[in-house]
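Participant: Output the structure for:
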Amino acid sequence: MTARGPVASRPGYAARRHAHRALPKEKKHERTSRMERISDTVHAVLYGLWQAVVVTPTSYICALLYALFLSRTTNRVFLRAIMLLCLQGSCLVLSILAFFSFYHAWVPQVALTKEVWLDYGLPSPSASVLLEQGYGDSPAWRVEPEVDLFVMDQPYDVSLELRVPVSSRNVWVGNFMVDMDLIGYNDTILYQSKRPALLVPEPRPFRWVSRLARALWQPLRSEPMVPLQVVRVPLLRHIVPFASASGRLDDPESVRVLGYKAMRADIRLRLRHAAESLLQVEHAVLRFDAYLTGIPYLMFHYPVFSFGVFLLCFSGVEFLVAGSLWLLAALYYSWCAP
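Facilitator: Below you'll find the predicted structure:
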């Protein structure tokens with residue numbers, strides 16, 4: 001038997017000692033349960049965030065994508081939308097092609113130019129400009145057909161552009177006359193015109209400023225520093241250089257008008273005195289500007305507006321035809337269905 005000391009022999013000592021030994025175990029167990037609760041709370045919060053931020057939006061997006069792309073109703077809607085877009089695209093392409101085709105067919109070449117080479121060996125500077133090549137003018141090796149310069153029955157405005165140096169001699173000449181004859185077959189004169197022209201000198205300060213600017217911006221060019229002025233002389237308005245025949249051969253009461261075509265243009269510069277006939281001209285151009293009216297005028301001067309109107313009208317007709325065909329097909333299949 002083990003002998004006990006005076007402290008151990010006191011009543012209640014063993015119970016207190018046992019309780020003192022069990023206290024750290026309870027604290028350790030309480031600490032462990034608290035950590036587990038914190039861990040569970042953090043896990044629950046993270047799981048809730050994961051569900052709210054990732055899982056739920058992803059599920060909604062997947063459901064939406066499935067409803068948009070994989071369901072039967074959506075497939076039908078998408079197929080119809082794609083067919084409608086293809087139809088609209090084809091209508092747009094056909095409208096563009098049709099507009100450019102109509103533009104090429106209705107709008108002629110507006111500006112036609114022919115260079116004029118004046119002959120200064122004559123008393124008056126003159127030139128003969130070929131408008132259509134004859135049989136002796138075309139080369140022997142040429143096999144493609146010739147293209148007419150003018151459009152048949154198209155009115156034109158005729159003018160002569162002269163690039164004249166603004167020199168003291170040309171300014172001293174003053175007014176001069178420009179004569180032009182349009183010649184057809186068999187040297188038949190179709191149109192005649194005589195118009196005055198005048199070289200208006202620029203003010204001397206403006207002339208020197210222009211000359212200084214040319215010297216600064218183009219110092220290496222070998223062109224003369226004498227300023228040039230473009231003198232445009234309007235000669236004829238609304239003439240038809242290439243006309244078709246009119247009337248009927250089998251109708252005796254019909255007035256028959258033979259067609260004609262301008263083959264060349266004879267141009268002369270006439271001054272007041274023969275001694276002043278040497279008018280200095282650097283370059284000359286004979287212009288034929290097409291006179292447009294009606295739809296060709298709108299298509300040439302307002303192309304964007306014309307294209308918009310044409311696109312609306314053409315697309316409207318196409319959709320009307322397509323809708324009519326679809327309605328007829330629907331009525332036919334509904335009538336044939338049992």
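
Participant: The residue nearest the centre of the chain and Arg76, how far apart?
Facilitator: The residue lying closest to the centre of the chain (C-alpha atoms, centre = their mean) is Val304, at 8.5 Å. Here Val304 is placed at a distance of 38 Å from Arg76 (C-beta to C-beta, to the nearest Å). Quick note: C-beta positions are derived from backbone N, CA and C, even for glycine.

Participant: which residues touch Trp335?
Facilitator: Contact analysis of Trp335 by C-beta atoms under 8 Å, 6 or more residues apart in numbering lists nothing.

Participant: What strand or helix carries it?
Facilitator: Trp335 belongs to helix 303-336 when elements are defined using DSSP states H and E.

Participant: wait, doesn't Ser193 sit right on Ser159?
Facilitator: No: counting by C-beta atoms under 8 Å, Ser193 stays clear of Ser159, with 10.0 Å between them.

Participant: And the next helix or strand past the lengthiest strand in the chain?
Facilitator: Criterion DSSP state E: the longest strand present in the chain is strand 228-239. Using DSSP H and E, the helix or strand that follows strand 228-239 in sequence is strand 242-243.

Participant: what's downstream of that following strand, the next helix or strand?
Facilitator: strand 260-261.

Participant: Output the contacting helices and strands for that following strand.
Facilitator: Using 3 or more C-beta pairs under 8 Å, 6 or more residues apart in numbering; DSSP states H and E, the elements in contact with strand 260-261 are strand 242-243.

Participant: so what strands line up beside the strand it packs on?
Facilitator: The strands that strand 242-243 pairs with in its sheet are strand 260-261 (antiparallel) (by DSSP bridges).

Participant: quick one: contacts of the strand it pairs with?
Facilitator: With C-beta under 8 Å, 6+ apart, strand 260-261 has contacts from Glu132, Asp148, Phe150, Gly184, Tyr185, Thr188, Leu190, Pro241, Phe242, Ala243.

Participant: any idea which of those residues is closest to Pro201?
Facilitator: Sorting these by how near they are to Pro201, with C-beta to C-beta, puts Pro241 at the top with 34.8 Å.

Participant: show me what contacts the residue nearest to the closest one when sequence neighbours are not counted?
Facilitator: In space, and not counting its chain neighbours, Pro241 is closest to Ala262: 3.9 Å by C-beta to C-beta, 6 or more residues apart in numbering. With contacts defined as C-beta under 8 Å, 6+ apart, Ala262 is in contact with Leu131, Glu132, Phe150, Leu182, Ile183, Gly184, Leu190, Tyr191, Pro241, Phe242.
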